[in-house]
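> Sequence and predicted structure below; questions after.
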Amino acid sequence: MSQVEIPWRELSSDALNGVIEEFATREGTEYGERDVDLPTKVAQIRRQLERAEVRVYFDTELSACQLLTRDEAARLCLLAGEERAG
């Protein structure tokens, strides 16, 4: 697997904000009927990181960071050992 988890607290503030903002502005991340501004999306994602609902992964083949939910990571078998443990 080419994905490596990066502890989000180890990223610089600028790097973390860049990863979060890129994720928040992707196509398909709309929030339904009402528009949500970027600062609100960023704050929501940061809270998800703090609760370990979302994690930062680095794709070594693409040389790019991405955010994955626990469910997405489990589907990619990135949390296989953790899921079995608990």
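Sure thing, it's come through.

> so where does the residue most central in space within the chain fall, helix or strand?
Geometric centre of the chain, nearest residue: Leu67, 1.9 Å, by C-alpha atoms, centre = their mean. Counting by DSSP states H and E, the element that carries Leu67 is strand 64-69.

> Touching that strand from outside, list them.
The contact list for strand 64-69 (C-beta atoms under 8 Å, 6 or more residues apart in numbering) reads 6, 15, 19-20, 23, 45, 48-49, 53-59, 76, 78. For every residue, glycine as well, the C-beta is placed using N, CA and C.

> same thing but 10 Å
Contacts to strand 64-69, defined as C-beta atoms under 10 Å, 6 or more residues apart in numbering, come from residues 3-6, 8, 11, 15-16, 18-20, 22-24, 26, 45, 48-49, 53-59, 72-76, 78-79.

> Next step: those restricted to helices.
Among the contacts of strand 64-69, the residues falling in helices (DSSP state H) are 15-16, 18-20, 22-24, 45, 48-49, 72-75.

> Buried subset of these as a PyMOL selection?
Remark: buried members of the ones in helices among the contacts of strand 64-69, expressed as a PyMOL selection using 16 or more other C-beta atoms under 10 Å:
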select buried, resi 16+19+20+23+24+45+48+49+73
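
> Let me know the closest of the ones in helices among the contacts of strand 64-69 to Pro39.
Ala24 (9.5 Å; C-beta to C-beta).

> Just give the nearest non-adjacent residue to that closest one, would you?
Lys41 (3.9 Å; C-beta to C-beta, 6 or more residues apart in numbering).

> Equivalent analysis for Leu76, please.
Nearest non-adjacent residue to Leu76, counting by C-beta to C-beta, 6+ apart: Gln3, 6.5 Å away.
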